[in-house]
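Enquirer: what follows is a predicted structure for the sequence shown.
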Amino acid sequence: MKSNKVISLIAGVFASVVFAGSANAGTLITEWDLTANAFFAGETGDPQAILENNGDYISWGGEDGRRSHLVIGDQAGYDNNLSVSDNANGLTQVNGIQTNGPAEAAATLTHVNNVISTATSLATVTIIDSISLEAVTPSGFSLGPVVFPLFIEFQETPNLVNNPDATPEDCAGDSVSVCDDIFVLVNPENLSFSFTEDGYKYTVTLDLGATSFLDDDACAAAGAESGCQGFMTEEDTFTTLFTSVFITAEEVSEPAMLGLLGLGLVFAGLRRRKA
């Protein structure tokens, strides 16, 4: 009987430690401020393309002076009454992001799609994004900058706007104009990253908004495999992607606590067998 009481006491102590550890798994950070700094790098183009990289916007075209642009901007979006450079802003501040809450507006990405020759086009470009996080509630924790590249392949499609007989059916994919240009995101897995702090795993995700899985013929036209992800932009106008960011969290189980739980169950089992 005395040994049973000892085993029962030990089992009870282990159980209390386990439940106490579970109850004090850490403090969830419920609100964040985020700073993002993005710029273009590593651009390539067609042999006759004249590329101009200004950091937060990139331009391309030929000697005729007609140029298209890809512009990183702030939450306000693209104002066609302003110059390309005035619209460009690679620095974005997003305050008050709630953990496991709704997505908050972040940077914008705009393609100013002017009619240019396919022989003077952008081919590939990388967006280098750098994100820093600051805990607001509770304060005291910060992370970053976390730097990750987003690789983009671009296909300047045939420009048929001056052909009165052309229709979107003459173009690849779900084209609206004649013809929509095609952007393919090569590494969409880089749109999120995770880290662990005080017993919780946090995941930061950037949503590019209008991106989707493209039709197989659109992927093929861009030289990508079927099932590619990206977006298409209408000819002779500008298209803006309004990105957003959200943060989720889940509690991380602690192996030590699980080990104690298992040992407690062993003692409880011994107690039952000896009873």
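Expert: Here it is on my side, so go on.
Enquirer: in the helix or strand harbouring Phe246, what's buried?
Expert: Element membership of Phe246 [criterion: DSSP states H and E] is strand 237-251. Going by neighbour count (16 or more other Cβ atoms under 10 Å), the buried part of strand 237-251 is Phe238, Thr239, Thr240, Leu241, Phe242, Thr243, Ser244, Val245, Phe246, Ile247, Ala249. All C-beta atoms are positioned from the backbone trio N, CA, C, and that covers glycine.
Enquirer: which one among the residues you listed gets closest to Asp165?
Expert: Asp165 has its nearest neighbour among the buried residues of strand 237-251 in Thr239, at 24.7 Å by Cβ to Cβ.
Enquirer: any stretches of the stretch 51-200 of the chain with poor pLDDT?
Expert: By pLDDT under 70, the low-scoring segments of the stretch 51-200 of the chain are 161-162.
Enquirer: where along it do the helices fall?
Expert: In the stretch 51-200 of the chain, the helices defined using DSSP state H, counting those that start in this stretch lie at 84-87.
Enquirer: test my guess that Thr108 contacts Phe238.
Expert: No - the pair Thr108 and Phe238 fails to qualify as a contact (Cβ atoms under 8 Å) at a distance of 10.8 Å.
Enquirer: what do the two both touch?
Expert: Tyr78 (Cβ atoms under 8 Å, 6 or more residues apart in numbering).
Enquirer: neighbours of the closest residue to Asn187 other than its chain neighbours, just the number please.
Expert: In space, and not counting its chain neighbours, Asn187 is closest to Phe151: 5.2 Å by Cβ to Cβ, 6 or more residues apart in numbering. Counted with other Cβ atoms under 10 Å, the neighbours of Phe151 add up to 15.
Enquirer: ok, Phe151 touching Val184?
Expert: No - in this structure Phe151 lies outside contact range of Val184 using Cβ under 8 Å: 9.0 Å.
Enquirer: what count of nearby residues applies to the residue nearest to Thr243 when sequence neighbours are not counted?
Expert: Nearest residue to Thr243 in three dimensions, chain neighbours excluded: Ala106, at 4.6 Å (Cβ to Cβ, 6+ apart). Ala106 has 24 neighbours, counted by other Cβ under 10 Å.
Enquirer: so how far is Val204 from Ala106?
Expert: Computed as Cβ to Cβ, to the nearest Å, the Ala106 to Val204 distance reads 11 Å.
Enquirer: quick check: neighbours shared by these two?
Expert: When Cβ under 8 Å, 6+ apart defines a contact, the residues bordering Ala106 and Val204 alike are Leu34, Val245.
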